[in-house]
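# Could you look at this predicted model? Sequence included:
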Amino acid sequence: MSRYRFLLVVILIIALSLLYVHGQVHGYDDRIVTNINGLDTRDWPNPRVAVVFGASVYGNGALSPILADRVETAIELYRAHKVDRILVSGDARHPSYNEPKAMYEYLTNHAVAPKDVIVDTSGRSTYETCLRAKEVFGLKRAVLVSQGFHLSRALYIANQLGLDAVGMAGDMRTEQKIDYQGIREWAAELKAYLNLHFIPPTASLEDGKIIR
């Protein structure tokens, strides 16, 4: 086989592999809800919990537009009595940077009772947030709150890990940057598939408290 043909075969195999992984990751897309009124949690065991994934926080502590969108969506779920607790999970590895703290302060400053906000400072990735929600905080069911471009992967990871999850898309205020996020998500989907089936990442399962 010539080098040119070999290269074509390799590219074809990679492309087919990515398409397969993409199909697997999007297998839970029917669990994505885009309208709060379409989310029915009445028969869920209490407390009903929304899991909010971290994203960038500015140097002054303000939430980035993407993160603000997620947190505002969680507030709407809480006010509509769709959930009873909000678990905020994100990166807090550096003293000067703390996503969960910023999310907690935003929630409690917008009429969410402090007792109803649970803080996870070790959710440094989607995988870690989902794993810790189940193993550390004891969740069996959850509403995952994120943007639509991220929810497919989050739902795939959560449900594959045994956390029965639906997704609430927080796309009501921010304009998605589809080109950038689309490329990033293809790579992230492959990483998620490898993490779940071949190379599980090291994740902290400490410093948590069962949600009751």
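Here it is on my side, so go on.

# Centre of the chain to the longest helix seen in the chain, how far?
With DSSP state H applied, the helix covering the greatest number of residues in the chain is identified as helix 3-25. Centroid separation for helix 3-25 versus its chain: 27 Å, with C-alpha atoms, centre = their mean, to the nearest Å.

# which residues sit against whatever helix or strand comes next after it?
Sequence-wise, the next helix or strand downstream of helix 3-25 (DSSP states H and E) is strand 32-33. The set of residues external to strand 32-33 that reach it, using C-beta atoms under 8 Å, 6 or more residues apart in numbering, is L39, G148, L151, S152, L155, V166, G167, M168, A169. C-betas here are computed from N, CA, C, even on glycine.

# Report the buried members of those.
With neighbours counted using 16 or more other C-beta atoms under 10 Å, the contacts of strand 32-33 contain these buried positions: L39, L151, S152, L155, V166, G167, M168, A169.

# and of those residues, the nearest to M103?
Out of those, the one with the shortest distance to M103 is M168. That distance is 15.5 Å, counting by C-beta to C-beta.

# quick one on the thing from earlier: could the contacts of strand 32-33 go into CSV alongside secondary structure, distance to D84 and pLDDT?
What follows is the contacts of strand 32-33, written out as CSV (DSSP: H, G, I helix; E, B strand; the rest coil; distance: C-beta to C-beta, whole Å; pLDDT from 0 to 100):
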residue, secondary structure, distance to D84, pLDDT
L39, coil, 14, 97
G148, helix, 25, 91
L151, helix, 21, 96
S152, helix, 26, 96
L155, helix, 21, 98
V166, strand, 16, 98
G167, strand, 18, 98
M168, strand, 15, 97
A169, strand, 21, 95
